[in-house]
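[1] Okay, sequence plus prediction incoming.
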Amino acid sequence: MSVSTTRVTSRGGGAGDPSVEGTVSPDLDRRPPGDRAGGSGTHRGRLVLALVALGVVYGDIGTSPIYALKACFSREYGLAPTATNVYGVVSLIIWALTITVSIKYVAVIMRADNHGEGGILALLAIIRGDRDAAPRTRRRAFLVGCALFGAALLYGDGVITPAISVLSAVEGLHVASPRFVGLSVPVSAVILFALFAVQRFGVRRVGGVFGPVMLVWFVTIATFGAAAVARAPMILRAINPWYGVQFFLAHGAHGFVILGGVVLAVTGAEALYADMGYFGPSPIRWGWFGLVFPSLLLNYAGQGALILHDSAAVANPFFLLAPRAMLYPYVALATIATIIASQALISGVFVLTNQAIQLGYAPRLTVVHTASTSDHVYLPAINRVLMLGCLLLVVTFRSSNALGAAYGIAVTGTMAITTVLFYNIARTQWGWSRVRAVPLCGVFLVVDGAFLAANALKIAHDGWVPLAIAAAVWILMATWAWGRERLIAFRRSNAVPLTDLFAQLKHEETPRMPGTAVFLTSHPDGAPRVLLRQLDYAHVLATHVVLLRIIFEDRPWVRGPDRISIAPLAQGFVRVVTRVGFLQEPDLSAVLEECRLAKVALSAEDTVFYMNSERLVPLPERNPLRRWRKALFVVLLRNSRAAPDFFGLPADRVVEIGEKVPF
């Protein structure tokens, strides 16, 4: 049997979800924002994008000065604000920003992009796409597990960051008057509740709105810092890394513990990489080196200079930098900046979850695109969980210093895992030699490992909170991927070869009725079970039958002639294969529209979609862990969003056929 294949060039982008069969949508073709901005290749265009990026990318790391240096001299560490200690801590912060952010992320890690997309799940997609021979299977599985845990750690970060950021800003009122001490918790709770309540309305042009605010923020903190440095210029000695080395030599193990506070200065570095797909690498680098990095250095140096001048300022050096007359506006600006930082991280968790759904590591959830021309998504279920988590942390910990103990472990864990994944990509896909890869990644891993080890000491003192969150998320993601693979294996093992089906239809002279039936299949050559069961029940088949197979790519966007292929088969059957990226959306109706454009005989009025409605029946297991895992997957599957709703199918055009599946 000869088969001709027609390639259809899409008029738009597609969408898919690897947890179930998916599809594409021509009317949802959204180019990555870094490609959308006009003139992004010019200096003016990059400057505009750099300004927009200020409101999205740098919120977290840009608000770290509010609490980072203060945390290093908190009662938890018992570090006296002597001149030697101030020089040492400020030097450590300066070089942490230089090595971890400027060199590691901005100069090196951002080179590892998945077709323009960054972030730990982009690294996961790259590694998962490295499908070499069997000897590397176990290593790849280990790396995928590490990447999943790194992504899970970001959920812990997503719960803690809004809480600590807003709390630390509101605590600036304590500097103005002691009577505000008791108001920090309720005021922070109200701000956070309002922040999560408005998420359902979306953030249209978030960078365009927040960018100018963050520009004012960075200019302000740089100005106050520079003024303090001018009064005590000796703090500039901290640029010399020898002061950091002396700090360790003087304090020994206790100096190592202080790294748990120093790492707070680099929180948000992962956002520089994760948000690369929105703006491209050049605007992010311009914004970092042109404004953010110098502003942070000046502010940290200014805080150190203030403590050198007045050791009592160690209680809250960030807000004490401001002139008394500007304190209230400064607190207001800090509060707005922390809200922006929180918003950026909340949106990041939404995007991360959406990517996890598309890559097959999370069940289908309701995903709302709050603007048809933006990549901002809103997930109601995730929003509720984040809100409850943040409010619980604020009420439980009650201060930014207390939350600092629970903060660093999530950030440092993700940074260390990112280094490991980058090394693997550099060696296996870029062809780097060990001589080139080991020294560079070794330096990064030593720094990451030191930060991680220092924060590991906090596990017994609330550092377990983000780890518990990450462990729960990792178990859910791993269980969903495991159960989904078993379900797909069952479907494929029970598929009937198309040649046998065609012979059966011809032998039995199966009657055909007018119309089009669309059956989803994961088998490249077999007939899906839902088709066989429909034949068993109805003993009749539609005139036109579409076997729709979805291939989910480990890249964010699939466009052009490779997006959809259409192959007419025998007896009115048509095989449609569509390839979708993990940043694209499901829309089965759009695939049929492409088929009609290719002059495949399909009718919109009489098209019916057939889907399996599977009820899992767990088989007996002696292993209690396996029994527990099966039960968890069944719960996740039952609470997953219904496939017809997920694909946006008309309810009156869907037929679901129930089936018990041994599991």
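    Right, received. Where do you want to start?

[2] Hmm, Val166 and Tyr403 touching each other?
    That one is not Tyr; residue 403 is Leu. No - Leu403 is beyond contact range of Val166, at 10.4 Å (criterion: CB atoms under 8 Å). C-beta: built from backbone N, CA, C; applies to glycine.

[3] In space, what's closest to Ile339 - neighbours in sequence excluded?
    The shortest distance from Ile339 to any non-neighbouring residue, by CB to CB, 6 or more residues apart in numbering, is to Leu195 (6.0 Å).

[4] same deal with Pro363?
    Nearest one to Pro363, counting by CB to CB, 6+ apart, is Ser640 at 3.8 Å.

[5] which SS class is that neighbour?
    Following DSSP: H, G, I helix; E, B strand; the rest coil, Ser640 is assigned to coil.

[6] Can you give me the pLDDT of Ile61?
    In the predicted model, Ile61 carries a pLDDT score of 90.

[7] isn't there a strand covering it?
    No - read with three-state DSSP, Ile61 is helix and lies in no strand.

[8] what's the burial count for the nearest residue to Leu291 once chain neighbours are set aside?
    In space, and not counting its chain neighbours, Leu291 is closest to Phe218: 5.4 Å by CB to CB, 6+ apart. Neighbours of Phe218 under the rule other CB atoms under 10 Å: 22.

[9] Please tell me how far the residue nearest to Pro363 sits from Val446.
    Ser640 is 42 Å from Val446, where distance means CB to CB, to the nearest Å.

[10] So which of these two has more stuff around it?
    Between Ser640 and Val446, Ser640 has the larger neighbour count (other CB under 10 Å), namely 17 against 12.

[11] neighbours of the residue nearest to Ile339, just the number please.
    Using other CB under 10 Å, Leu195 is surrounded by 19 other residues.

[12] Ok, Arg622 next?
    Arg622: 6 surrounding residues under other CB under 10 Å.

[13] who's in contact with Leu143?
    Residues near Leu143 by CB atoms under 8 Å, 6 or more residues apart in numbering: Ile127, Val420, Leu421, Asn424.

[14] pretty sure Ser74 is touching Ala402, no?
    No - with contact defined as CB under 8 Å, Ser74 does not reach Ala402; the gap is 9.3 Å.

[15] Phi first, then psi, for Trp432.
    phi -70, psi 140 (degrees, to the nearest 10).

[16] Quick one, grab the pLDDT at it.
    92.

[17] Tell me how far the helix or strand where Thr396 lies lies from the chain's centre.
    Taking DSSP states H and E as the definition, one finds Thr396 inside helix 380-397. A distance of 18 Å separates the centroid of the chain from that of helix 380-397, by CA atoms, centre = their mean, to the nearest Å.

[18] Using CSV, list the CA coordinates for that helix.
    The C-alpha coordinates for helix 380-397 follow below in CSV (Å, rounded to 0.1, in the frame of the first residue of the first chain):
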residue,chain,number,x,y,z
PRO,A,380,-6.2,28.8,40.1
ALA,A,381,-5.2,25.6,42.0
ILE,A,382,-1.6,26.6,42.3
ASN,A,383,-2.5,30.2,43.2
ARG,A,384,-4.6,28.9,46.2
VAL,A,385,-1.8,26.6,47.4
LEU,A,386,0.8,29.4,47.2
MET,A,387,-1.4,31.8,49.0
LEU,A,388,-2.2,29.4,51.9
GLY,A,389,1.5,28.5,52.1
CYS,A,390,2.7,32.2,52.2
LEU,A,391,0.1,33.2,54.8
LEU,A,392,0.9,30.2,57.0
LEU,A,393,4.6,31.1,56.9
VAL,A,394,4.0,34.8,57.8
VAL,A,395,1.8,33.8,60.7
THR,A,396,4.2,31.1,61.9
PHE,A,397,7.6,32.7,61.5
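
[19] Report the angle between the helix or strand following it and helix 380-397.
    Downstream of helix 380-397, the first helix or strand assigned by DSSP H and E is helix 400-428. Counting by axes from the mean of the first three to the mean of the last three CA atoms, to 10 degrees, helix 400-428 lies at 130 degrees to helix 380-397.

[20] Check which helices and strands helix 400-428 is in contact with.
    helix 68-72, helix 120-128, helix 137-170, helix 259-262, helix 269-274, helix 380-397, helix 434-456, helix 464-493 (3 or more CB pairs under 8 Å, 6 or more residues apart in numbering; DSSP states H and E).

[21] Report all helices and strands that the fourth one contacts.
    In this structure, helix 259-262 packs against helix 68-72, helix 83-96, helix 400-428, helix 434-456, with contacts taken as 3+ CB pairs under 8 Å, 6+ apart.

[22] Residues in contact with that helix: which ones?
    By CB under 8 Å, 6+ apart, the list of residues contacting helix 259-262 reads 68, 71-72, 74, 77, 89, 92-93, 96, 404-405, 408, 450-451, 454-455, 457-458.

[23] Try it again at 6 Å.
    Residues outside helix 259-262 that contact it (CB atoms under 6 Å, 6 or more residues apart in numbering) are Ala71, Cys72, Leu92, Ile93, Ala96, Gly408, Ala450, Phe451, Ala454, Asn455, Lys458.

[24] Compute the distance between the first one and Glu270, please.
    This means Ala71. From Ala71 across to Glu270, the span is 19 Å (CB to CB).
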